[in-house]
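Chemist: can you look at this prediction? I've put the sequence above it.
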Amino acid sequence: MFCDRPFHHMQLNVDGSVKTCCPGWIRKPIGDWRRQTLDEIWKSADADDVRNSITEWSFRYCNRKVCPMLHHLEHLPKSNGADTKQHTVELRLIMLSLESTCNLTCPACRNKLVGAKQLDQSRERVTRDVADLFNKRNDMTVMLSGSGEPMTQRTSLLFLSCVRKTDANSRNRIHLFTNGTLLRKNWAKFPNADEFHVTCFIGIDAGTKETYEINRRGGRWRDVLSGIDFATDRFEHVALIFVLQANNYREAQKAIEIAERLGCDEIRFSAMMNWGTWSESEYKKRAVHIPGHPEHDSFVDIFKSLRSDYVRINMTTLTRVLNK
Ligand code: SF4
């Protein structure tokens, strides 16, 4: 099968919608966690419809421009006729993205601080349901979180405090999407979560203190470096996330050197998207990955020369533009 995500993944989003991958990649929701159980959503007709769009090779709900499986292809993939068997539907990964609370206000993401709110009943119920499932099943991954900082989110913190490792779930994983600034201070509060396999992506978006404190507004350089250092000592796999824009692309090699020095496994570069925080003209000024930007050729030259002997350099959504 070309893409098996709808057969194994579920993402619970802030607005109540549930999708089978990142909400920007796929249009159709498969349910609403505020009024359905996880089981009802996973077995719903809408979930089957999304899965059929993959097995029928129509990809009718997928956004070709941003999906990492499709964005680098000139044409939609076609069946070679061999892929006709029934596919196993088994929930193996849940992304818990129930709130957007964060201690930073990165300009690419938001214009104002989103602080922690009281945990409402439906968020608490679904978080406990996810933790129950995680405690009972094996070979499952829970990701925290698709929006904001898990170390500040009541739902993520509740999940981390509810999980218990046993022989029956010993292969489960927790994956953190984090800005890293609170990891050293807060992770120790969750000794039970720490017993699982833990991996993490840490957003850095810079190679210097000056640029970091612009792009990750509210974050302190020394805190993120300390968080990365903590994570590489503790977790199984640590990747730095570097979202490209006009003010940071010249610092990419410096970010790679930081990843090497602090013992990261990988650095992942990606194209910046406009999440609605910038006007179209402001976005275009920043989006050096788009051909025609005055600094596009300079970005391509610099990125083609990036090197590391120690960490994996992953170009994710920049692959297509760099291969042209
Ligand atoms: S959007 Fe991409 S990842 Fe999501 S189902 Fe479609 S092909 Fe798969």
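Modeler: That came through fine. Residues are numbered from 1 along each chain as shown.

Chemist: which pLDDT value belongs to the residue in the chain sticking out farthest from the centre?
Modeler: Residue farthest from the centre of the chain, counting by CA atoms, centre = their mean, is Gly81 at 32.9 Å. Turning to Gly81, the model gives it a pLDDT of 70.

Chemist: ditto for the one 4 residues further on
Modeler: Lys85 is assigned 62 on the pLDDT scale.

Chemist: for Leu240, grab phi and psi.
Modeler: phi -90, psi 140 (degrees, to the nearest 10).

Chemist: how much space between it and Asp265?
Modeler: 9 Å (CB to CB, to the nearest Å). For glycine as for every other residue, the C-beta is placed from the backbone atoms N, C-alpha and C.

Chemist: with neighbour numbers in mind, choose between those two.
Modeler: Leu240 (26 against 16; other CB atoms under 10 Å).

Chemist: hey, what's Thr141 bridged with?
Modeler: Beta bridges link Thr141 to Leu93, Arg173, judged by DSSP bridges.

Chemist: can you list the low-confidence ranges for the protein?
Modeler: Where the chain drops to pLDDT under 70, the residues are 82-85.

Chemist: what residues does it have near the ligand?
Modeler: 3, 5-6, 20-21, 25-26, 54, 59, 62, 67, 69-70 (CB under 6 Å from any ligand atom).

Chemist: can you tell me which of the residues you listed are in helices?
Modeler: Among the residues of the chain next to the ligand, the members falling in helices (DSSP state H) are Arg5, Pro6, Ile54.

Chemist: can you get me a residue count around the spatially closest residue to the first one that is not a sequence neighbour?
Modeler: What sits nearest to Arg5 in space, not counting adjacent residues and going by CB to CB, 6 or more residues apart in numbering, is Cys21, at 4.7 Å. Taking other CB under 10 Å as the criterion, the count of residues near Cys21 is 22.

Chemist: just to check, Cys21 is in contact with Met10?
Modeler: No: counting by CB atoms under 8 Å, Cys21 stays clear of Met10, with 9.3 Å between them.

Chemist: who wins on neighbours among the ones in helices among the residues of the chain next to the ligand?
Modeler: Pro6 (27 neighbours).

Chemist: measure the nearest residue to that residue once chain neighbours are set aside to Lys65 for me?
Modeler: In space, and not counting its chain neighbours, Pro6 is closest to Thr20: 3.8 Å by CB to CB, 6+ apart. According to CB to CB, Thr20 stands 18 Å off from Lys65.

Chemist: neighbour count winner among these two?
Modeler: Set Thr20 next to Lys65 and count neighbours by other CB under 10 Å: Thr20 wins out with 25 against 12.

Chemist: distance check, that one against His72.
Modeler: As judged by CB to CB, Thr20 and His72 stand 21 Å apart.

Chemist: go on, Asp301?
Modeler: In this structure, Asp301 and His72 are 20 Å apart, going by CB to CB.

Chemist: same thing with Lys284?
Modeler: Lys284 is 22 Å from His72, by CB to CB.

Chemist: next: Gln36.
Modeler: Counting by CB to CB, the gap between Gln36 and His72 amounts to 35 Å.

Chemist: and the host helix or strand of Ser281, which residues are buried?
Modeler: Using DSSP states H and E, Ser281 sits in helix 280-286. For helix 280-286, burial by neighbour count (16 or more other CB atoms under 10 Å) applies to Tyr283, Arg286.

Chemist: appreciated, that's everything.
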